[in-house]
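**Q** Curious how this folds, go ahead:
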Amino acid sequence: MNSLFYPTVDAYIPSVPGLRYLGGTLAVMFAFMCCVGITNPNASALAIGPFSKNAGSASALLGFTQMGTGALISTGISAATPEDRLPIVAIFGVTAAIGLGILLVGRKRAAATLATEHPGTVASSEREEVGEALCHSDSAR
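**A** Got it, this is the predicted structure:
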């Protein structure tokens with residue numbers, strides 16, 4: 001029904017810039033937030049798991065790190081002008097590199113821990129493979 005009382009939505013959309021893409025943006029944002037909602041609690045539980053005696057302190061440190069990192073990143077992004085995309089891209093790159101570094105250090109530590117806890121049971125060439133398997137099994141839990 002396209003009459004005076006029921007005008008189409010397209011008649012109003014051009015008056016608001018960017019509203020045409022709102023539905024797609026909301027759908028992608030909803031999917032992203034669902035993934036974050038599934039991933040973050042599990043990642044937090046895995047990060048705090050080894051600290052059974054000091055779980056409260058570990059949780060506080062994890063929360064402080066998350067909030068502090070968010071504050072630094074949002075400050076860095078807000079320094080950009082709307083036309084300047086370099087700070088956003090740079091922060092994406094830096095955080096990805098930090099995450100990769102943490103992953104690689106964690107694999108080395110897992111392999112070293114396995115070698116010290118069970119000496120002689122694993123050959124030195126197999127330690128990295130076992131460390132990778134240990135990291136993959138820990139991430140699957």
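**Q** quick one, helices of the chain?
**A** Taking DSSP state H, the helices of the chain run over residues 22-48, 55-78, 86-117, 127-140.
**Q** a markdown table for the ones you listed, including mean pLDDT?
**A** Output for the helices of the chain, formatted as a markdown table (pLDDT from 0 to 100):
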| stretch | mean pLDDT |
| --- | --- |
| helix 22-48 | 87 |
| helix 55-78 | 91 |
| helix 86-117 | 85 |
| helix 127-140 | 57 |
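**Q** Make JSON lines from these and add mean neighbour count to it.
**A** To be clear about C-beta, it is placed using only N, CA and C from the backbone, and glycine gets the same treatment. Converted to JSON lines, those look like this (neighbours: other Cβ atoms under 10 Å):
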{"stretch": "helix 22-48", "mean neighbour count": "11"}
{"stretch": "helix 55-78", "mean neighbour count": "12"}
{"stretch": "helix 86-117", "mean neighbour count": "13"}
{"stretch": "helix 127-140", "mean neighbour count": "14"}
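**Q** quick one: Thr95 and Leu72 touch, right?
**A** No - counting by Cβ atoms under 8 Å, Thr95 does not reach Leu72; the two are 10.1 Å apart.
**Q** Can I get stretch 60-77 in CSV, CA atoms only?
**A** Coordinates of each C-alpha in stretch 60-77 appear next as CSV, following Å, rounded to 0.1, in the frame of the first residue of the first chain:
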residue,chain,number,x,y,z
ALA,A,60,41.5,-8.9,38.9
LEU,A,61,44.7,-8.7,36.8
LEU,A,62,42.9,-10.0,33.7
GLY,A,63,40.1,-7.4,34.1
PHE,A,64,42.7,-4.7,34.7
THR,A,65,44.6,-5.7,31.6
GLN,A,66,41.4,-5.9,29.4
MET,A,67,40.2,-2.5,30.6
GLY,A,68,43.6,-0.9,30.3
THR,A,69,44.1,-2.2,26.8
GLY,A,70,40.7,-1.0,25.8
ALA,A,71,41.4,2.4,27.2
LEU,A,72,44.7,2.7,25.3
ILE,A,73,43.3,1.4,22.1
SER,A,74,40.2,3.7,22.2
THR,A,75,42.5,6.7,23.0
GLY,A,76,44.7,5.8,20.0
ILE,A,77,41.8,5.5,17.7
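**Q** Before I go, just wanted to say thanks for your time.
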